[in-house]
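In: Next input, structure requested:
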Amino acid sequence: SKEEAKRRRKALQATEEKLSHVKQWKQLELPRFAEAQAIVRDLQSKSSVASRTAKLLSARAASFPVDFYLLQHDFNLLFFGLGSKKQLLELFATAIRRFELSMKRSPSCALVINGYSSVASSNFTETLGKLVTDYLGQPDASVRGYRTVERLAEFIADKVTVAIQRRAIKDSNAAKFAGSGLPRSAPVWERDLLILVHNIDGESIRSRAVQNALATLAATRGIRLVASVDHVHSPLLWDHVQSAKFNFCFRQATTLQPYLIESSDKPEQFALKHSSAAGAKFVLRSLTNNHKEVLQVLARHQLDKNRLGMTQNELYEACSQNMVVSSRAALVRLLVEFKDHKIVASRRPANRQETLFIAWEPKVIRTVLLGESS
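Out: Just a heads-up that it's a prediction; the model follows:
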């Protein structure tokens with residue numbers, strides 16, 4: 001009928017309009033990462049925006065004496081609010097030093113952990129190792145005896161506790177240092193430790209092992225923890241045991257500052273839109289040489305076998321022959337990181353074991369990962 005034909009024409013016209021809108025939307029391009037950063041910097045440079053964020057920062061800094069008072073009464077501090085809090089925490093660390101000097105006390109040693117960094121988790125053992133060597137004055141060999149970061153954190157906490165208990169002994173003879181296992185020159189005898197964690201809820205340090213290690217340190221007398229969070233559900237990271245150890249006092253700290261530094265470590269979401277090679281370079285920049293060597297073993301096999309991957313057993317045997325990994329557990333940890341970075345994917349062909357492969361184009365693998373000329 002005529003009415004039915006009319007309805008069909010209207011429906012067809014509406015469909016065509018929707019498809020036109022979808023086509024226009026798909027033609028829109030995300031800005032390159034450098035362009036996006038330039039836009040944010042331009043907005044930040046505007047006098048009105050800059051003056052507002054400066055006023056917010058100055059107003060929040062006026063509460064530093066209260067924050068320091070809370071630290072002195074065995075609370076750890078967790079700063080939350082809209083905007084980057086990196087500059088605020090750094091200003092607070094400087095203020096803590098000033099407060100301590102005004103009280104005729106030795107300024108605390110500071111350890112900074114960038115939780116927003118994609119390599120913060122893989123570098124966490126090295127970070128704790130620095131505490132052992134620089135703060136406790138222990139040899140490098142003492143770090144290698146601990147297989148987990150939790151055990152290493154417990155070792156640090158025990159040594160700090162011993163030093164704190166013996167600080168009250170004014171006698172400078174051997175009685176104060178005997179049996180402590182700490183050299184007399186170690187800073188722990190005179191100075192407390194301040195741990196500054198930017199984004200304690202960062203993706204790379206959300207693991208239970210890292211959070212347990214931080215909680216153990218935070219619960220130790222003589223160690224104070226100042227951290228920031230941005231995820232609205234960040235308190236769900238911790239169970240009741242961890243929460244009790246952290247003993248956080250939540251402090252509001254809205255700065256409205258852009259996350260320029262925090263986001264500079266995650267540019268692949270912009271870069272991959274335009275160039276897979278550019279995105280691969282950004283990802284590889286955050287990996288260690290050991291990571292790259294494992295990837296190169298997989299890449300050479302993948303290119304030689306016409307994009308067929310390797311099973312985990314095959315990859316382990318190849319890496320062992322090249323002395324790239326020390327154990328199967330070490331390889332498994334690396335593979336988890338590769339999958340988190342969307343570098344390595346897996347598939348299970350019919351009647352075969354799960355196969356691992358690098359999820360990049362062959363040209364990108366050759367030029368970026370293997371360093372071959374295009």
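In: give the contact list for D67.
Out: 77, 92, 251 (Cβ atoms under 8 Å, 6 or more residues apart in numbering). C-beta: built from backbone N, CA, C; applies to glycine.
In: Buried ones among these?
Out: Among the contacts of D67, the ones that count as buried by 16 or more other Cβ atoms under 10 Å are 77, 92, 251.
In: quick one: the last one is in a helix?
Out: When you say that, I think you mean R251. No: R251: not assigned to a helix; according to DSSP: H, G, I helix; E, B strand; the rest coil it is strand.
In: wait, it sits on N76?
Out: No: at 10.4 Å, R251 does not count as touching N76 under the criterion of Cβ atoms under 8 Å.
In: What is the burial count for the nearest residue to H291 once chain neighbours are set aside?
Out: Nearest residue to H291, sequence neighbours excluded (Cβ to Cβ, 6 or more residues apart in numbering): L334, at 6.2 Å. Burial of L334, expressed as a neighbour count using other Cβ atoms under 10 Å, amounts to 23.
In: Now name the helix or strand holding L334.
Out: helix 328-340 (DSSP states H and E).
In: Let's see the helix or strand just after that helix as CSV, backbone CA atoms only.
Out: Later in the chain than helix 328-340, the nearest helix or strand by DSSP H and E is strand 344-347. Provided in CSV are the C-alpha atoms of strand 344-347 (Å, rounded to 0.1, in the frame of the first residue of the first chain):
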residue,chain,number,x,y,z
VAL,A,344,52.2,-10.8,23.5
ALA,A,345,48.9,-12.6,22.7
SER,A,346,48.0,-16.2,22.7
ARG,A,347,45.9,-18.6,20.6
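In: I'd like to know how far the residue nearest to R347 when sequence neighbours are not counted sits from D304.
Out: Spatial nearest neighbour of R347, excluding adjacent residues (Cβ to Cβ, 6+ apart): T355 at 5.6 Å. Look at T355 and D304: by Cβ to Cβ, to the nearest Å, they are 15 Å apart.
In: so which of the contacts of D67 comes closest to S320?
Out: Proximity of the contacts of D67 to S320 (Cβ to Cβ) peaks at L77, which lies at 46.2 Å.
In: per-residue confidence at the residue nearest to H291?
Out: L334 is assigned a pLDDT of 84 by the prediction.
In: OK, contacts around it?
Out: For L334, the contact set (Cβ under 8 Å, 6+ apart) comprises 290-291, 294, 325.
In: now, which of the residues you listed lie within helices?
Out: Residues of those located in helices (DSSP state H): 290-291, 294.
In: At which residues are the strands of the stretch 251-374 of the chain located?
Out: 344-347, 355-358 (DSSP state E, counting those that start in this stretch).
In: and the spatially closest residue to K342 that is not a sequence neighbour, how many neighbours does it have?
Out: Leaving out its chain neighbours, the residue that sits closest to K342 by Cβ to Cβ, 6+ apart is A359, at 6.6 Å. Neighbour count of A359, defined by other Cβ under 10 Å: 15.
In: Averaging pLDDT per element, find the lowest-scoring helix or strand in the protein.
Out: Ranking every helix and strand in the chain by mean pLDDT, DSSP states H and E puts helix 268-274 at the bottom, with a mean of 40.
In: got the phi/psi numbers for S121?
Out: Torsion angles at S121 (phi, psi; degrees, to the nearest 10) stand at phi -70, psi -50.
In: Can you classify the nearest residue to it once chain neighbours are set aside by secondary structure?
Out: Among residues not flanking S121 along the chain, S204 sits closest, at 4.3 Å (Cβ to Cβ, 6+ apart). Secondary structure, three-state DSSP: S204 is helix.
In: Ok, P107 next?
Out: Per three-state DSSP, P107 ends up coil.
In: And the pLDDT at it?
Out: At P107, pLDDT is 92.
In: So L236 lies in a helix, does it not?
Out: Yes: secondary structure of L236 (three-state DSSP): part of a helix.
In: Which pLDDT does the model give it?
Out: Confidence score, pLDDT, at L236: 87.
In: what's around it, how many residues?
Out: Neighbour count of L236, defined by other Cβ under 10 Å: 9.
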